[in-house]
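[1] Next comes the sequence, and after it the predicted model I'd like to discuss.
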Amino acid sequence: MQLEQLVHILYANKYRSLTKAASELFISQSALSQSISKLEKEIGVILFDRSRNGVVPTEEASFFLEKAQKVMILIDEMKDKSMEIKHSNRKLTIGTVAGLHLYFLTPALLSFQKQFPQLEIEYVEASSLSLRESVINQEIDISIIAIYEKTIIPHASLHIQALKDIQFYVLVSKDSILSYKNYVTYEDLIKQPIIMYNGEFMNWFLKDFIDRNGTLNILFKSNNTDTLRETIAKGNAITIETENELYSNPYVISGEIIAIPLHDSGLPKTSLGLVYSTKKYWSNEESEIIKSLTTYITEWKYQPSFP
């Protein structure tokens with residue numbers, strides 16, 4: 001008795017047609033018929049009645065079909081367990097966008113390390129496009145990225161999960177004439193000196209904003225967040241940032257910098273989300289981490305701080 005013979009009788013029972021079963025198994029009908037006949041001869045029991053209309057399991061076949069199904073379930077369980085063991089002592093690499101200031105990331109990583117001590121978790125920062133390519137090339141396992149027109153392009157090796165719309169805010173000094181506004185428009189921005197974070201996503205945002213609205217007075221760009229924050233707090237310039245900055249900027253928390261929603265009805269949809277490989281086997285622990293990251297991203301809410 002061979003394992004493939006058990007598969008053959010299960011398929012024959014499922015489709016009630018040797019032609020259809022053989023097609024699904026990618027073998028010839030004669031090969032399937034011979035395999036089943038050989039098994040019937042070995043066990044001394046006729047399993048199927050054959051006719052022009054197909055095959056029908058005999059009364060005696062029910063016992064053997066039930067046991068064959070249980071064997072296949074056990075084999076699947078053994079395969080899953082072997083893969084789980086193979087991947088249980090490995091490194092999991094999580095990527096995130098440099099400069100995105102995800103306030104939940106540190107507690108999330110600490111929680112994962114405590115919950116799954118067998119996993120070595122590495123944290124990598126890069127641009128959204130770079131992280132996307134690294135996941136495709138299986139250099140990074142999971143990435144939290146900005147999902148927009150350049151990163152949302154479908155790929156056979158990628159699962160792209162947009163989770164939370166990105167909201168944009170204008171950050172100004174508490175003494176700015178804009179600090180009392182409920183929202184800021186392009187007309188408000190053209191009167192102000194502006195500094196910007198120099199990163200892939202924010203550069204894309206700025207170009208798109210200017211292309212649709214008009215020029216802005218850009219003083220400089222920098223990827224030094226301390227310089228940007230201090231310049232804004234002193235009232236020397238303003239900036240446009242994502243909602244994420246509001247959670248980690250100490251000047252926003254203390255009230256020295258005021259965050260005001262940006263009103264821009266023409267802004268293309270952008271999201272914060274996850275990308276991970278469709279080609280990779282995911283252990284139970286890794287699948288739990290993906291679920292947890294999804295929860296972290298979707299459930300945080302901005303609570304304004306008042307001095």
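    Perfect, I can see it now. Numbering: from 1, shown residues only.

[2] so what does the one helix or strand Pro107 maps to touch, helix or strand wise?
    Element membership for Pro107 (DSSP states H and E) is helix 105-115. On a contact count with 3 or more CB pairs under 8 Å, 6 or more residues apart in numbering; DSSP states H and E, helix 105-115 meets strand 120-126, helix 284-299. Any C-beta I mention is one placed from the backbone N, CA and C, and that applies to glycine too.

[3] As a markdown table, those with mean pLDDT and mean neighbour count would be great.
    Output for those, formatted as a markdown table (pLDDT from 0 to 100; neighbours: other CB atoms under 10 Å):
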| stretch | mean pLDDT | mean neighbour count |
| --- | --- | --- |
| strand 120-126 | 89 | 14 |
| helix 284-299 | 89 | 16 |
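
[4] and of the ones you listed, who's closest to Val184?
    helix 284-299 (25.7 Å; CB to CB).

[5] quick one on the thing from earlier: can the helices and strands packed on helix 105-115 go into a markdown table with extra columns for distance to Lys79?
    Formatted as a markdown table, these follow (distance: least, CB to CB, whole Å):
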| stretch | distance to Lys79 |
| --- | --- |
| strand 120-126 | 25 |
| helix 284-299 | 14 |
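
[6] His8 is nearest to which of the ones you listed?
    The closest of these to His8 is helix 284-299. By CB to CB, the value is 31.7 Å.

[7] and for the helix holding Pro107, what are the contacting residues?
    Ile94, Thr96, Leu119, Ile121, Tyr123, Ile144, Glu288, Ile289, Ser292, Leu293, Tyr296 (CB atoms under 8 Å, 6 or more residues apart in numbering).

[8] which residues does the last one contact?
    Contacts were defined as CB under 8 Å, 6+ apart; by that measure Tyr296 touches Phe104, Ala108.

[9] how close does it sit to Pro107?
    Separation of Tyr296 from Pro107 (CB to CB, to the nearest Å): 8 Å.

[10] Can you report phi and psi for the spatially closest residue to Gly99 that is not a sequence neighbour?
    Distance criterion CB to CB, 6 or more residues apart in numbering; nearest residue to Gly99, sequence neighbours excluded, is Gly199 at 4.7 Å. Gly199 adopts backbone torsions of phi -140, psi 160, taken as degrees, to the nearest 10.

[11] among the helices and strands of this structure, which has the poorest mean pLDDT?
    Across the helices and strands of the chain, mean pLDDT, DSSP states H and E gives its lowest value to helix 61-88, namely a mean of 83.

[12] so what secondary structure elements neighbour that one?
    Where contact means 3+ CB pairs under 8 Å, 6+ apart, helix 61-88 is packed against helix 3-15, helix 284-299.

[13] mind checking the SS state of Tyr247?
    Using DSSP: H, G, I helix; E, B strand; the rest coil, the structure places Tyr247 in helix.

[14] Could you pull up phi and psi at Ala146?
    Residue torsions, per degrees, to the nearest 10, at Ala146 are phi -80, psi 120.

[15] residues in contact with the closest residue to it other than its chain neighbours?
    Nearest residue to Ala146 in three dimensions, chain neighbours excluded: Phe201, at 4.2 Å (CB to CB, 6+ apart). Going by CB under 8 Å, 6+ apart, Phe201 touches Val97, Leu100, Ser127, Ser128, Ala146, Tyr148, Thr270.

[16] from these, which is closest to His159?
    Of all these, Ser128 has the smallest distance to His159: 15.4 Å, by CB to CB.

[17] in what helix or strand does the residue nearest the centre of the chain lie?
    The residue lying closest to the centre of the chain (CA atoms, centre = their mean) is Leu274, at 2.6 Å. Using DSSP H and E, Leu274 sits within strand 271-277.

[18] Can you list the strands that that strand pairs with?
    Take DSSP bridges as the rule and strand 271-277 pairs in its sheet with strand 142-147 (antiparallel), strand 158-165 (antiparallel).

[19] Any chance of those strands in TSV with distance to Ser254 and mean pLDDT as columns?
    Listed next are the strands paired with strand 271-277 as TSV, based on distance: least, CB to CB, whole Å; pLDDT from 0 to 100:
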stretch	distance to Ser254	mean pLDDT
strand 142-147	27	95
strand 158-165	26	94
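
[20] closest to Ile210 out of those?
    Checking the strands paired with strand 271-277 against Ile210 by CB to CB gives strand 142-147 as the closest, at 18.4 Å.

[21] quick revisit: list the buried ones in the helix holding Pro107?
    If you call a residue buried by 16 or more other CB atoms under 10 Å, then helix 105-115 has these buried ones: Leu105, Ala108, Phe112.
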